[in-house]
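> The following comprises the amino acid sequence and a computationally predicted model.
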Amino acid sequence: MADDLKKKIRSLMCRVRQHGRLPGSEQIVSEAFERLGLVEGRIDPREVIDQFEPVLRSVWEEALGVLESYENRAYSTGIPRELIRSFPKDVKSAERVARARGFQAGVTHLLANWYCHLRLCFLSVSQSRKTRGGKDFELQLERLLSLAGVP
């Protein structure tokens, strides 16, 4: 059962990411650089070299903000939508509880039934960030070195 649920959630999260159009690392990093005005011709290469560490930190923070905005859009509606599609019996059960005992009881019933589902979804989000983090950092360094004129 546990392995079956893990497979279902893995598949569900793939659909969430595809439907939510979560962009790749290249787009996230590019957007962060553009937001910060770190574009060739608009920043002096010496400034990048002289302020490398603070600039790298600001790029990292901005890229995280860009990623979080895409994640919020994709996950906040995508995870519930796919859970509802994938586990309709749980929804029906929660509706019955809500009719009998009220909305709060129905929501509590649904969330209690979906605790493991939600935990696996959020573990997937966390793992995705870890996997993405290394690639994002490489791209940030590469682009900063390019802006600094370092071959």
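Arrived safely, thanks for sending.
> Can you tell me the element the most far-flung residue of the chain relative to its centre falls in?
The C-alpha centroid of the chain is most remote from Ala100, which lies 36.8 Å away (C-alpha atoms, centre = their mean). In the assignment (DSSP states H and E), Ala100 maps to helix 88-101.
> Now do that helix: which elements does it pack against?
With contacts defined as 3 or more C-beta pairs under 8 Å, 6 or more residues apart in numbering; DSSP states H and E, the packing partners of helix 88-101 are helix 103-113. Every residue, glycine included, has its C-beta placed from N, CA and C.
> thinking again about what came up before, what sits up against the helix holding Ala100?
By C-beta atoms under 8 Å, 6 or more residues apart in numbering, the list of residues contacting helix 88-101 from outside reads 84, 105-107, 109-110, 113-114.
> Show me which pair in these is furthest apart.
Between any two of these, the greatest separation by C-beta to C-beta is 18.4 Å, found for Ile84 and Ala105.
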